[in-house]
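# here you go, sequence then predicted model.
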Amino acid sequence: MIMQADVILVAAGKGERMGAVLPKPFLSLSGTPLLVHTLRAVTRSALVRKVILVIAAEHKSLCQKILQSYGPLSVPITLVHGGAERQDSVRCGLVALDPDSEIVAIHDAARPFLDPDILDASIHAAVEHGGAVVAVPARDTIKRVTEGGVVVETVPRQQLWLAQTPQTFRVSVIREAHARAAYLPDDAPQCATFAIIMAIPFMICQKSIAPQGSASSSREPHATSMHRDLSHIR
């Protein structure tokens, strides 16, 4: 039996870092909103059965107009209002899942260059191992420094990966992680929430990177393989 997955697409940000009037998912790329490009990429996977689109309440009308203009898509789309922070929005998406949902992929709506193969790989890994995160291996030399800026050591980059999305889990696993994070004090730093949520062993699904200087080096990398020897990253 092939396990299908639901996708939580997070588009509830405010776009403050870009200084744009609208959040990134609603900005145009080649005449089409980024959100639409991302939805098309996600729904190219035959393993995706439904998309939960998490948006800010003030952008609901705009989002509905976009979906009407560029739809219909191949799977149902459910709109859900997000929260103050990204993890709050993910939690809202988890609440909106159907009772029979077993696998969920969490992806950023502003990342349109998603290869369906890497999405499928993350779904298969989540079925087998409980969770998977798409990542690329670090290529730069990374230094560990003190608070005063003094170099302490060079960190072996063979052990370092740059996490991206989608991040895919068994629904029971990610719900448990969010339930544990809910007991943190209100003033707990955001990184503590991430640490608790990510304290569950999960797989790395690797994306390839085009060689620097090549014609395709500016594109988001494509899926190539899954590294099962990195199955217990914490």
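Nice, I can see it. Numbers count the residues shown, from 1 in each chain.
# how close does Met3 sit to Leu94?
Applying Cβ to Cβ, to the nearest Å, one obtains 18 Å for the distance of Met3 from Leu94. Placement of C-beta: from N, CA and C, glycine included.
# which SS class is Ala179?
helix (DSSP: H, G, I helix; E, B strand; the rest coil).
# next, count neighbours for Val21.
8 (other Cβ atoms under 10 Å).
# repeat for Leu34
Each residue near Leu34 was counted by other Cβ under 10 Å, and the total is 21.
# show me the shaky parts of the chain.
Under the criterion of pLDDT under 70, the regions of the chain flagged as low confidence span 1, 14-20, 185-201, 207-234.
# contacts for the longest strand along it, please.
Using DSSP state E to assign secondary structure, the strand with the most residues in the chain is strand 161-170. Residues outside strand 161-170 that contact it (Cβ atoms under 8 Å, 6 or more residues apart in numbering): 5, 7, 102-108, 111, 114, 118-119, 122-123, 125-127, 130-138, 177, 202, 204, 207, 230, 233.
# export that strand as CSV, just CAs?
As requested, C-alpha coordinates have been extracted for strand 161-170 and formatted as CSV (Å, rounded to 0.1, in the frame of the first residue of the first chain):
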residue,chain,number,x,y,z
TRP,A,161,23.8,20.2,6.8
LEU,A,162,21.7,23.3,5.9
ALA,A,163,18.1,22.4,6.7
GLN,A,164,15.4,23.4,4.2
THR,A,165,11.8,22.4,3.5
PRO,A,166,9.8,20.2,3.2
GLN,A,167,10.1,18.7,6.7
THR,A,168,8.0,15.6,6.7
PHE,A,169,6.7,13.5,9.7
ARG,A,170,4.3,11.0,10.8
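# let's number from 708 now, not from 1
Okay, using 708 as the starting number, the last item reads as strand 868-877.
# check which residues of that strand are buried.
Of the residues in strand 868-877, 868, 871-877 count as buried by neighbour count, 16 or more other Cβ atoms under 10 Å.
# same question for stretch 744-764.
Counting neighbours by 16+ other Cβ under 10 Å, one finds that the buried residues in stretch 744-764 are 744-746, 748-750, 752, 754-763.
# can you tell me which of those are in helices?
Restricting the buried residues of stretch 744-764 to those inside helices, with DSSP state H as the criterion, leaves 744-746, 748-749.
# in TSV: those, plus distance to Tyr890.
As requested, these are arranged in TSV below (distance: Cβ to Cβ, whole Å):
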residue	distance to Tyr890
His744	38
Thr745	33
Leu746	34
Ala748	36
Val749	32
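# now stretch 796-811, how far from the centre of its chain.
Distance of stretch 796-811 from the chain centroid (Cα atoms, centre = their mean, to the nearest Å) equals 14 Å.
# would you put the C-alpha positions of that stretch in PDB?
What follows is the C-alpha trace of stretch 796-811 in PDB, where atoms were taken according to Å, rounded to 0.1, in the frame of the first residue of the first chain:
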ATOM      1  CA  SER A 796       1.000  28.500  12.100                       C
ATOM      2  CA  VAL A 797       2.300  25.000  11.700                       C
ATOM      3  CA  ARG A 798       0.300  24.000  14.800                       C
ATOM      4  CA  CYS A 799      -2.800  25.600  13.200                       C
ATOM      5  CA  GLY A 800      -2.200  23.500  10.100                       C
ATOM      6  CA  LEU A 801      -1.800  20.300  12.200                       C
ATOM      7  CA  VAL A 802      -5.200  21.000  13.800                       C
ATOM      8  CA  ALA A 803      -6.800  21.200  10.400                       C
ATOM      9  CA  LEU A 804      -5.600  17.800   9.200                       C
ATOM     10  CA  ASP A 805      -8.200  15.100   8.600                       C
ATOM     11  CA  PRO A 806      -8.500  12.500  11.400                       C
ATOM     12  CA  ASP A 807      -7.100   9.800   9.100                       C
ATOM     13  CA  SER A 808      -4.000  11.800   8.100                       C
ATOM     14  CA  GLU A 809      -0.900   9.800   8.800                       C
ATOM     15  CA  ILE A 810       1.900  11.600   7.100                       C
ATOM     16  CA  VAL A 811       2.400  15.400   6.800                       C
END
